[in-house]
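*Asks:* build me a structure from this.
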Amino acid sequence: MIAAARASELAEPLGILYEVGSFTRLESWEDASFDAAVSTMALMDSPDFAAAARATHRVLRRGGGFWFSVLHPCFITPGTKWLRDARGRETGLTIADYFAERTYVEDWRFKAAQTDSAEPFRVPRFSQRLEDYVNGLCAAGFRITRIAEPRPTAAQCSTHPWLARWRRHAALVLLIAATKA
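*Replies:* Now for the predicted structure:
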């Protein structure tokens with residue numbers, strides 16, 4: 001993906017620099033070199049969120065914003081299971097092993113694709129709790145300015161029916177905004 005992005009930048013320069021590195025170190029960038037940092041659905045894929053928060057704090061200027069989204073740690077756990085009625089309709093959600101401190105693997109498939117090319121793939125999961133995100137940000141020196149648990153709209157559920165269960169029962173995603181103090 002990085003090679004494709006770099007090729008796109010060469011074909012149509014926008015002044016974007018693509019780097020490969022760890023978000024727990026951000027070694028390619030100097031201290032206080034950014035006004036903002038954004039991460040979309042990636043930080044939950046790290047065994048060390050606190051290190052990522054510290055690294056992000058380091059590269060932000062004073063007053064810089066940090067916005068990120070992760071799978072909601074309260075509802076996506078090693079023991080999350082959908083409850084179903086006799087017709088197979090999801091009627092609720094069971095949450096288990098919230099406090100598990102272990103890595104586990106989830107098998108995924110993009111069901112919406114429904115093609116032969118929609119190969120299943122495995123995603124490692126690192127147990128994170130809500131307190132890990134909040135305390136990791138605070139310990140790094142951030143001030144949390146907003147937390148949101150977006151709910152799919154009725155229109156989104158019409159277009160993507162699999163979202164309806166999340167609209168009814170639990171938050172799928174957690175959004176956090178923080179500022180470098």
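*Asks:* count the neighbours of residue 47 for me.
*Replies:* When neighbours are counted by other C-beta atoms under 10 Å, residue 47 registers 12. Using the backbone N, CA and C atoms, a C-beta is placed for each residue, glycine as well.
*Asks:* can you pull the contacts of residue 77?
*Replies:* Contacts for residue 77 (C-beta atoms under 8 Å, 6 or more residues apart in numbering) come out as 95-98, 100, 127.
*Asks:* could I get these as JSON lines with neighbour count, secondary structure and pLDDT?
*Replies:* Putting the contacts of residue 77 into JSON lines (neighbours: other C-beta atoms under 10 Å; DSSP: H, G, I helix; E, B strand; the rest coil; pLDDT from 0 to 100) gives the following:
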{"residue": "95", "neighbour count": "14", "secondary structure": "coil", "pLDDT": "95"}
{"residue": "96", "neighbour count": "11", "secondary structure": "coil", "pLDDT": "94"}
{"residue": "97", "neighbour count": "13", "secondary structure": "coil", "pLDDT": "94"}
{"residue": "98", "neighbour count": "16", "secondary structure": "coil", "pLDDT": "95"}
{"residue": "100", "neighbour count": "14", "secondary structure": "coil", "pLDDT": "91"}
{"residue": "127", "neighbour count": "18", "secondary structure": "coil", "pLDDT": "87"}
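*Asks:* quick check, nearest of those residues to residue 44?
*Replies:* For these, the closest approach to residue 44 (C-beta to C-beta) belongs to residue 127, at 9.9 Å.
*Asks:* in this structure the closest one contacts residue 80, no?
*Replies:* No - Residue 127 lies out of contact with residue 80 (C-beta atoms under 8 Å); the separation is 12.0 Å.
*Asks:* quick one: residue 61 and residue 141, what's the gap?
*Replies:* With distances taken as C-beta to C-beta, to the nearest Å, residue 61 is found 13 Å from residue 141.
*Asks:* thank you kindly, that will do.
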